[in-house]
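In: Kindly return the folded structure for what I paste below:
(4 chains)
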4 protein chains.
Amino acid sequence: MGMVGGGRGAFIGAVHRMASAIDGEIELVAGAFSSNPRKSKLSGKDFYLDSKRVYKSYEEMIIKEKALPTDVRIDFVSIVTPNHMHYGPAKMALENGFHVICDKPLCFNMKEAKELQQLVKKTKLIFALTHNYTGYPMVKEAKDMVKTGKIGKVRKVVVEYPQGWLPTLVEKTNQKQAAWRTDPKKSGIAGSMGDIGTHAENLAEYITGLKIKELCADISIIVKGRKLDDDGNVLLRFSNGARGVLHASQICAGEENSLNIRVYGEKAGLEWHQMEPNTLEVKWLDKPKETLRTGGGGLSAASQEATRTPAGHPEGYLEAFANVYKNFAKCIQARIDKKKVDPIYKDFPTVADGVRGMQFIETVIKSGKSKQKWVKFPK
Amino acid sequence: MGMVGGGRGAFIGAVHRMASAIDGEIELVAGAFSSNPRKSKLSGKDFYLDSKRVYKSYEEMIIKEKALPTDVRIDFVSIVTPNHMHYGPAKMALENGFHVICDKPLCFNMKEAKELQQLVKKTKLIFALTHNYTGYPMVKEAKDMVKTGKIGKVRKVVVEYPQGWLPTLVEKTNQKQAAWRTDPKKSGIAGSMGDIGTHAENLAEYITGLKIKELCADISIIVKGRKLDDDGNVLLRFSNGARGVLHASQICAGEENSLNIRVYGEKAGLEWHQMEPNTLEVKWLDKPKETLRTGGGGLSAASQEATRTPAGHPEGYLEAFANVYKNFAKCIQARIDKKKVDPIYKDFPTVADGVRGMQFIETVIKSGKSKQKWVKFPK
Amino acid sequence: MGMVGGGRGAFIGAVHRMASAIDGEIELVAGAFSSNPRKSKLSGKDFYLDSKRVYKSYEEMIIKEKALPTDVRIDFVSIVTPNHMHYGPAKMALENGFHVICDKPLCFNMKEAKELQQLVKKTKLIFALTHNYTGYPMVKEAKDMVKTGKIGKVRKVVVEYPQGWLPTLVEKTNQKQAAWRTDPKKSGIAGSMGDIGTHAENLAEYITGLKIKELCADISIIVKGRKLDDDGNVLLRFSNGARGVLHASQICAGEENSLNIRVYGEKAGLEWHQMEPNTLEVKWLDKPKETLRTGGGGLSAASQEATRTPAGHPEGYLEAFANVYKNFAKCIQARIDKKKVDPIYKDFPTVADGVRGMQFIETVIKSGKSKQKWVKFPK
Amino acid sequence: MGMVGGGRGAFIGAVHRMASAIDGEIELVAGAFSSNPRKSKLSGKDFYLDSKRVYKSYEEMIIKEKALPTDVRIDFVSIVTPNHMHYGPAKMALENGFHVICDKPLCFNMKEAKELQQLVKKTKLIFALTHNYTGYPMVKEAKDMVKTGKIGKVRKVVVEYPQGWLPTLVEKTNQKQAAWRTDPKKSGIAGSMGDIGTHAENLAEYITGLKIKELCADISIIVKGRKLDDDGNVLLRFSNGARGVLHASQICAGEENSLNIRVYGEKAGLEWHQMEPNTLEVKWLDKPKETLRTGGGGLSAASQEATRTPAGHPEGYLEAFANVYKNFAKCIQARIDKKKVDPIYKDFPTVADGVRGMQFIETVIKSGKSKQKWVKFPK
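Out: From the prediction side, this is the model:
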């Protein structure tokens, strides 16, 4: 693995490194960790890399790694930069034969998104997007329950993502994370809707297998002086007629990272909370509520495959994140081994999810400005 | 107290009787318990009433009770009939000098609501509406915290009320509760929005002290063949600029009576769940989350007054309901004693809340049919 | 109902009054509310009683009420005084033909307990003891599940009752509740073990249907200067060989009234918490955990009978307390009507439970002082 | 790192590998993964090791690694075998200059324990014991709160560890984990008390900083035919006079891995649950309960150092386990670098904790057989 971005002090870069290391299947061997070459070098040292493979830029990394023998060079590029810096390295990596795993949202705008999707199609390379919350075993179990009809036809979805870390103009206080995420030049047209709204959208579509057909959004900048939305409340209508609510915010005082979802079907309702991720409540219509637990008996193959420890040994955020890496790596390994990959490993978010996320951003921002009630979600 | 409706087997009538009995301040002495005179008589016997004071109709009750000496006759009428049967007895009781406590929603339509409001104004009689959820000590505490500025300016409100008791056409199965609540002739223009949406609206406005200024609703009939809405999802904008989401539904499989509210201010967020009503979470911006508990130390006077047992001795639905009766009764007693009432007892929902609820019903149903995004909420 | 004790400002007296009033089946018509005749009179006025039936002493009440016509006089006496004042009124009431409902523990010592038991046997009158926690619907459900073999043979019981209201010498601060409960002259040989330990013991035996055979206790006075135990930790062995732990304390900082029980059988474990009393967790060996809820479907007849409102409308401490009164009253009513009582109403704690509780107190205190490991529990 | 045990299919070996990999500071480069040399080889291949460094036995590993140049050879040995196989490799590793990290309990009996302790003292090598639960940030926070006097003098401790995975003779069903853990030849004189009781004991002493002074235990074999205890209930008395209860069991139907602790001081009570490890409840005597959260503001340095992601991104079992490895590795690195280690990294369980655990096993088993109430815990 060669990493783009994620130098010293970066939040999501560290997460990618830890998540990719857990299973002992992926090794970080190269990187262009910063646009500042000196910082990149120092970061490489922190990570015990061979200094020759710590590069000044992603361009250099891709060119020089490509020049190495097949069994030495990196198999894929991991992109952990801010949104506006996804497209460049992703494009170049794909064009040079490297698989790509990229942080979300996919890129800066729809144009870039479509291009990347075309490029993946053309190169047939493997592209993963770290909508990491779909990596939780209980999220996979929820998806399986919907898919196998256990809860019946889906009627209503409530997905919510309140955070509380931007209740004031934090971006003016030298907080790097806040600064780029609220800067239209780096983040794109959306703030909270891109940063966390897309996770909520992705989670709802992942679990239900449904597509949002149209939506109606109230998008706000609550904190005066902020440049991008920090709160959004959205009515959803899904492809099968199901109704939904999505709300996400970064100004909810005291909230940590409270991504939650409830899916109501004709036979049962499902409820999952990211902050207690090893529990899935199943509220049956005609019998007592059941609590499914990571590692418990009788779970789906996808859920089991995503589980590392027995029930009661809590798996967390990094383990879920690692599941995206693991499945991505398994697919690459099969490609290298010229073997057919077990379908269970194909379960990770792809460039298509990325395009979907970019469409969500465009649609929800458009709706926020519209006087018309419903705005169609592009297919 | 003389009761209208609530005979044998009625749900809410029994609740009113138990709630009014708890504190030993109110005695049920008369009633017209059913439109079926025989059933009314039998019900009166169940409740150990003097058979002379068990009447065939509310009209008879009001006339005959009025004829009794002041110290014998009922002080007030309690109306626990379906929505279309509120206006008649309420009007007649007021016109004949009886105070009134009435189940929600106030009545059948705005016209009736306005008339009742005028009549209360004119007669100066006391009118209580049993938006019982405002009777919980922790709801009163939440209101007090907002009012005294503890959470700062309110920025966002999420109020939700999923129930799961109408997931199929229960109304066709001889279930009396379901039958009238889904019948436009008895319930009015709204189903779930009137039955539980009004509770959600009332709770949000009670706690925040804000008024909904405009809303945008997606109102649905999910179960085929049903005549009134059974699901509604609503974007809210409040008078002070705060954003909000209200969703209520009666088709959420496995949900019981899950009225919940979160209020986010500049300094803290509040969270309360009706199904664990003795807990109020306070999520501070800059310090650990606190859990306030019914009966705990340092609570507001309103919360303390609404509490009967020490912390850890859970108070429930009936006790909250009883708090509406208790405050209503205290105000009547003061009127009888010609004393000034302690302001703490004025804390119960009145005809004004009832009018507000009827406006909510009209606005939300109107919005549900509109292609326009925002519909103004009448002042 | 005629009440002994429970005048103005008393905690448990008010609870008895509210609990007995909820169902509209019991009327408070007489009382000797205080050993201070003036205070008794004032209390009677508070409760709207006929002043003629507010007595100076329990002796006077029993004699004068007995002299009244059968259809006028009280049917039973409710005793809500401190422990040392249970025996006298209970004995006299029974000897004069009145049924008795008495707060726990039964009395002051084993000698009194045995006498009362004999007297009940001899008079065949109905005697209820307010081990109120057995009145919760989910406790009754737990008992039913054990009885019907659903969890298999019971193997282990963990019952705990931490409270935190006596962490300092509160009894020296004019706190009346604390004063008598820590005074050996009023409370007996035990403090916390009598006050709450007996509730824990009763709950464990009620649910499991087992008897404690022997125990080993560590009984302590944690707060210096206190005269009776405020903390106790006890190993239990039950009649069927099951193991157990009982711990109860009144010095657990920050605890409210946290009576909890876990019962593990061969097929499933049960878990119940008094502070969230409407939930019963059933942890199956071979399938997902289920959550049973007050008012939910498929529950036992005893649980249903003890439930007043639909699922999700929380029932609390007073409702559970009321269930003891209700069943007691139903049995008295059947006696008056000379009818056979439905066995479901026989489900309330009796004088036998009271004797058992007194034995627990004696055994646990004895064990606390013993160097021997196990002390037999008398049969 | 060179590993002893933990080949294909082993539970705790995999945990050690994942935990040691997360932070990118430790690399698995050698191993003797099985007493079966072929299985060891295959396991080494699974882990992408140089086949030359996959050994047939721990003896071979220690000898051959020692022969490698300093900058190539392993720095430490990780021992993840069953209990009876700890002593041999630990002794040999220490005698040959390798630091050791070893799974708990320390070894097979007190004699071995004392020897290892002497050897560590003599060699001055670093020895870590994976009482992994002390690695959780909120456990470290609890320890810090006690140490800094925030909860006042500790008065009572309740530590419990119910599991449910041995409710039947699982050991007869080819379940390898169950087989060795219930086999006196591999596990030692204790079953559940050694396997999980020691974790409970360690957690209680770690957080409180107190030592158990004496105990009284009821130790049982609940499942017929089992050779070692599967249930234990223990009264504790601590060095400062505090009382305590410890109960641990492996026959609690439906329990997963429910290690929980409550510590009550004069000013506050603490409560922590391993299955929701990122939350620490602080129940104050005189103010509302606070909830501390991993990654939240204002936490101790030890807690912060043990945290990898922001609040609300749950850290789990592997992360806590990794914290033992991380601190252990930091101390080794400082030794290698000949630098003074930051005291914060000295926070991991050592051979002294291991000796303490072995003493707990001996004392609790002795007490279980004794008719005497209290058995002294050796100092």
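
In: need the residues of the stretch 1-150 of chain A near chain D, please.
Out: The stretch 1-150 of chain A comes close to chain D at residues A:11, A:14-15, A:17-18, A:21-24, A:28, A:47-48, as judged by C-beta under 8 Å from any C-beta of the partner chain. All C-beta atoms are positioned from the backbone trio N, CA, C, and that covers glycine.

In: pLDDT below threshold where in the stretch 51-200 of chain A?
Out: Regions of the stretch 51-200 of chain A meeting the criterion pLDDT under 70 are absent.

In: Can you show me the strands along the stretch 51-200 of chain A?
Out: Applying DSSP state E, counting those that start in this stretch to the stretch 51-200 of chain A gives strands spanning A:76-79, A:99-102, A:127-129, A:154-162.

In: Minimum distance to chain B: which of those strands has it?
Out: strand A:154-162 (5.4 Å; C-beta to the nearest C-beta).

In: What strands line up against that closest one, and which way round?
Out: Neighbouring strands of strand A:154-162 in its sheet, by DSSP bridges, are strand A:243-249 (parallel), strand A:260-265 (antiparallel).

In: The helix or strand following the last one near chain C anywhere?
Out: I take that to be strand A:260-265. Using DSSP states H and E, the next helix or strand after strand A:260-265 towards the C-terminus is strand A:268-273. No - for strand A:268-273, no contact with chain C is found by C-beta under 8 Å from any C-beta; the gap never falls below 11.9 Å.

In: With adjacent residues omitted, what lies nearest to whatever residue of the stretch 1-150 of chain A ends up closest to chain C?
Out: Closest contact between the stretch 1-150 of chain A and chain C, by C-beta to the nearest C-beta, is at A:Glu141 (10.8 Å). Spatial nearest neighbour of A:Glu141, excluding adjacent residues (C-beta to C-beta, 6 or more residues apart in numbering or on different chains): A:Ser303 at 4.2 Å.

In: Contact partners for that neighbour?
Out: Residues in contact with A:Ser303 (C-beta atoms under 8 Å, 6 or more residues apart in numbering or on different chains) are A:137-138, A:140-141, A:144, A:294.

In: Relative to A:Val324, how far out is the residue nearest the centre of chain A?
Out: In chain A, the centroid-proximal residue (C-alpha atoms, centre = their mean) is A:His131; its distance is 1.6 Å. Distance, A:His131 to A:Val324, using C-beta to C-beta, to the nearest Å: 8 Å.

In: shared neighbours of those two, which are they?
Out: Common neighbours of A:His131 and A:Val324 (C-beta under 8 Å, 6+ apart) are A:Pro349.

In: what sits against the nearest residue to A:Leu119 once chain neighbours are set aside?
Out: Among residues not flanking A:Leu119 along the chain, A:Leu94 sits closest, at 4.8 Å (C-beta to C-beta, 6+ apart). Contacts for A:Leu94 (C-beta under 8 Å, 6+ apart) come out as A:100, A:116, A:119-120, A:123, A:125, A:127.

In: interface residues of the stretch 101-250 of chain A facing chain B?
Out: Contact residues (C-beta under 8 Å from any C-beta) of the stretch 101-250 of chain A with chain B: A:151-152, A:155-156, A:158, A:160, A:162, A:164, A:167, A:216, A:218, A:220, A:222, A:231, A:233, A:235, A:237, A:243-245, A:247, A:249.

In: Who are the contact partners of the residue nearest to the centre of chain A?
Out: Counting by C-beta under 8 Å, 6+ apart, A:His131 has contacts A:104, A:198-199, A:202-203, A:206, A:324, A:349, A:353, A:357.

In: Kindly report the same for A:Asp46.
Out: By C-beta under 8 Å, 6+ apart, the neighbours of A:Asp46 are A:Arg8.

In: Check whether A:Ser370 really touches B:Gln372, as I assumed.
Out: No - A:Ser370 lies out of contact with B:Gln372 (C-beta atoms under 8 Å); the separation is 10.8 Å.

In: just to revisit the earlier point, mean pLDDT and mean neighbour count added to the strands paired with strand A:154-162, as CSV?
Out: Listed next are those as CSV, based on pLDDT from 0 to 100; neighbours: other C-beta atoms under 10 Å in any protein chain shown:
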stretch, mean pLDDT, mean neighbour count
strand A:243-249, 98, 26
strand A:260-265, 98, 25
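
In: would you turn the ones you listed into TSV with distance to D:Met193?
Out: Shown next, in TSV, are the strands paired with strand A:154-162 (distance: least, C-beta to C-beta, whole Å):
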stretch	distance to D:Met193
strand A:243-249	49
strand A:260-265	40
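
In: out of the ones you listed, which comes closest to A:Asp286?
Out: Of all the strands paired with strand A:154-162, strand A:260-265 sits nearest to A:Asp286, with 12.9 Å by C-beta to C-beta.

In: Out of the contacts of A:Leu94, which comes closest to chain D?
Out: Nearest to chain D among these, with distances taken as C-beta to the nearest C-beta, is A:Val100, at 21.6 Å.

In: now that closest one, which residues is it bridged with?
Out: With DSSP bridges as the rule, A:Val100 is bridged to A:Val77, A:Phe127.

In: now it: how far from A:Gly354?
Out: From A:Val100 to A:Gly354 the distance is 11 Å (C-beta to C-beta).

In: Switch the strands of the stretch 51-200 of chain A over to CSV; also include mean neighbour count.
Out: Shown next, in CSV, are these (neighbours: other C-beta atoms under 10 Å in any protein chain shown):
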stretch, mean neighbour count
strand A:76-79, 26
strand A:99-102, 26
strand A:127-129, 27
strand A:154-162, 26
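
In: could those strands go into CSV alongside distance to C:Arg335?
Out: Shown next, in CSV, are the strands of the stretch 51-200 of chain A (distance: least, C-beta to C-beta, whole Å):
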stretch, distance to C:Arg335
strand A:76-79, 80
strand A:99-102, 78
strand A:127-129, 74
strand A:154-162, 53
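
In: ok, now which ones touch the residue of chain A positioned farthest from its centre?
Out: Going by C-alpha atoms, centre = their mean, the residue of chain A most distant from its centre is A:Asp286, 35.4 Å out. If you count contacts by C-beta under 8 Å, 6+ apart, A:Asp286 has them with C:Gly297.

In: Torsion angles phi and psi at it?
Out: Dihedral pair for A:Asp286: phi -120, psi 10, per degrees, to the nearest 10.

In: State the distance from it to A:Val158.
Out: Separation of A:Asp286 from A:Val158 (C-beta to C-beta): 22 Å.

In: circling back to that earlier point, out of the strands paired with strand A:154-162, nearest to C:Ala334?
Out: Among the strands paired with strand A:154-162, the nearest to C:Ala334 by C-beta to C-beta is strand A:260-265 (45.8 Å).

In: Which parts of chain A are helices?
Out: Counting by DSSP state H, chain A has helices at residues A:11-21, A:37-46, A:58-67, A:87-95, A:110-123, A:137-147, A:176-181, A:184-187, A:192, A:198-208, A:301-305, A:317-336, A:351-369.

In: Of those, flag the one that's most buried.
Out: Across those, averaging neighbours per residue (mean count of other C-beta atoms under 10 Å in any protein chain shown) puts helix A:192 on top, at a mean of 29.

In: what does the stretch 151-300 of chain A put close to chain C?
Out: Neighbours of chain C within the stretch 151-300 of chain A, by C-beta under 8 Å from any C-beta: A:282, A:286-293, A:296-298.
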